[in-house]
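[1] here are the coordinates; sequence isn't available:
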């Protein structure tokens, strides 16, 4: 930005940004100032911070009663999903003899994080249908919700109609965490009657919090993680729960031999758990025992006739000494004792807790709420075909089902999901300022080959917006999910965990930026392992002044079946070798299995063009004592390599400085392929021209 | 409770199926009884008695010992899918919504229908869809 003193009559140059540490904050960021054009107003945004809010409704004219609760704000690619719960709160308490005083009944302290309320005071659920989805240029927005009153006697819900409030951003009272988003508005009934004041202030980045105590007999293992680094905290952080899971007793006495009945499990929970005040804590309990009477692997016994004290969904159990059948169905854990098979044992414990949280079986994918037997019988080798996440619908339930459904001790297990309200995900289409366009380089890709995807981020707004400086899988901004023809979802993200703060750039109004990624494998294995139509959903996520911003896009690609046996064999090599992804990402000669899979692909005429750039990069770069060989790189590229724009740039780097005689030996079709992929890049065009000369 | 008559009926059915298709059939590494084989496929609940409301409208028994109950969660049934097993004595086990393997009695089994009963003496009939 130029010197302001020379343009005192141009107030538009002042960047007003109230998003972070006060007005004019961007002026203190020279790296951004250089990117902003004069006269371009900066996006002055206010947004709802993701997380839990302490919410309060003070009914008009009611001195004694108010309603306290939480509002949950989830941010995702298509905007915001929000839901809330209210509990009755007496603002004052009457103290009887001998004082006969009326004393204030304090509200929960916002600084203590997510508040927990008494179950018996539960009043209603807020099914939010309209809220600030993305940003506002102003200071207020309209929130609308259907208020569902809860009947504790019948566990049923009544829709009391669509309520609304114009919520305005205010400075948070000092009792809230520093910098908390705070809003205030007047609640209106469906007929527009003023119902009083409603406030909500941010208290936690999580949506819900709970404790999980795990007790066990000495012979049973503690189901603490999946053996590959995923533990309880990780599983529930992914659904925005702050779960405190811990091992307590390790010496439970077996009441009648190694196998436990449901009644014995329930009795042991009551006797051995550390605490049981469900009105101050959402507390769940898991017992790890050798065997179970009612089933083989695990059970949420605190349901149906097993709920002997009519306080449902407090406890579950897993069995460590079930012997996994010694059949092919059970893959690499066949014949093992269950407690020795970390992955399925932990998965079962998560599954049972899922039941305690009010979730039912879900066979839409191999996520936590599918059954172990169904996953073992599904394609892929058990347990590597386990999906280490909740299905999206279950994740939404954990975030947004009413408190009585999820917290222990209220709604019994077994009611239909349809009997309870839940906020809609698509409350409002984003239709916002940014669009992420996803385009596969090829509409059809042979099985075994990587899929190249072009990402285009366009700013459709009238203002400049801070965005990541590169659209690439090498950054942590880009993540995604590939759904195969069987609707099995496999996620992908950067291989690298960057610890540096990510750079941002500014995308001007109407401007676009592009980036490429090459997809082969993800966290759950090969992404394109079966012929048919695959959907690629990409999420771009970053922060603007502490606010997480998401933009999503998707498209599909057709994976074609093997054309012959040789292709099938080569595809098997590329799909089954995990190190091939590392070879693709970082190159080098050291990943022997990855190189072997790459060579298998290069030996096949169908797959070779798709892996040519990977082989060319290996040959064209020095590794240890081996020198870089531009001519070998050129040879590896062949005549018609499949290249993204980024890969074409890499080719230009590899061949930079190569003798003209070498370039002239290149097939003319290679020059054309490079020219097509160059997208105007001068150095690529130059190499392509030299090849065509 | 299982009546003597029903036990005899099941025994007769077992004997009949054992004779017709052979008692044990191996599939997917699992020994399958004749009942197991006869149950594989898609079934629809025929009973409309109140006690049957917890049983899913649709059941799909697959080999490999897993079953699906499409729509069961939405209709409030207590069986949503999972493991299933049946032995030669008519003891039918079906994984419940909370993962208990609830014991049921397989009272009748024919190529087109089967009848089960539970501990509360609720009798439920399913007919084959496919």
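    Alright, I've got the coordinates. Since we're looking at a predicted model, the values are computed, not measured.

[2] shaky segments in chain A?
    A:1-45, A:77-78, A:426-432, A:462-463, A:495-502, A:543-549, A:582-590, A:693 (pLDDT under 70).

[3] chain B contacts on that one?
    Residues of chain A lying near chain B by C-beta under 8 Å from any C-beta of the partner chain: A:262, A:294-301, A:303-304, A:306, A:325, A:327-329, A:351-352, A:355, A:360-363, A:371, A:373-374, A:377, A:413-419. For the C-beta atoms, the positions are set from N, CA and C on the backbone; glycine is no exception.

[4] outline the domain layout of chain A.
    According to automatic domain parsing, chain A comprises the domains A:4-33, A:51-151+A:159-203, A:208-400, A:434-560, A:565-692.

[5] from one end of the last one to the other, what's the distance?
    In terms of C-alpha to C-alpha, to the nearest Å, the two terminal residues of domain A:565-692 are separated by 36 Å.

[6] next one: it to chain centre, how far?
    Taking C-alpha atoms, centre = their mean, to the nearest Å, one finds the center of domain A:565-692 at 34 Å from the center of the full chain.

[7] quick one, helices of chain B?
    Counting by DSSP state H, chain B has helices at residues B:4-21, B:34-39, B:72-75.

[8] list of residues touching the last one?
    If you take C-beta atoms under 8 Å, 6 or more residues apart in numbering or on different chains as the criterion, helix B:72-75 is touched by A:360-362, A:416-418, B:56-58, B:79-81.

[9] what are the buried residues along that helix?
    B:72-73, B:75 (16 or more other C-beta atoms under 10 Å in any protein chain shown).

[10] again, but for stretch A:384-401
    Counting neighbours by 16+ other C-beta under 10 Å, one finds that the buried residues in stretch A:384-401 are A:385-401.

[11] thinking again about what came up before, quick check, nearest of the buried residues of helix B:72-75 to residue A:194?
    Closest to residue A:194 out of these is residue B:73 (40.8 Å), distances taken as C-beta to C-beta.

[12] what about stretch A:232-241, how long is it end to end?
    10 Å.

[13] now, which of the buried residues of helix B:72-75 sits nearest chain A?
    Nearest to chain A among the buried residues of helix B:72-75, counting by C-beta to the nearest C-beta, is residue B:73 at 4.9 Å.

[14] look up how far residue A:398 lies from residue A:207.
    In this structure, residue A:207 and residue A:398 are 8 Å apart, going by C-beta to C-beta, to the nearest Å.

[15] who touches both of the two?
    By C-beta under 8 Å, 6+ apart, the residues touching both residue A:207 and residue A:398 are A:239, A:241.

[16] got the buried residues for stretch A:449-464?
    In terms of neighbour count (16+ other C-beta under 10 Å), stretch A:449-464 has its buried residues at A:449-455, A:457-459, A:461, A:463-464.

[17] got CSV for the residues you listed, with secondary structure too?
    Below are those laid out as CSV (DSSP: H, G, I helix; E, B strand; the rest coil):
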residue, secondary structure
A:449, coil
A:450, coil
A:451, strand
A:452, strand
A:453, strand
A:454, strand
A:455, strand
A:457, strand
A:458, strand
A:459, strand
A:461, coil
A:463, coil
A:464, strand
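
[18] from chain A, how far out is residue B:113?
    25 Å (C-beta to the nearest C-beta, to the nearest Å).

[19] tell me which helix or strand of chain B sits lowest on mean pLDDT?
    Between all helices and strands in chain B, the lowest mean by mean pLDDT, DSSP states H and E belongs to strand B:25-27, at a mean of 33.
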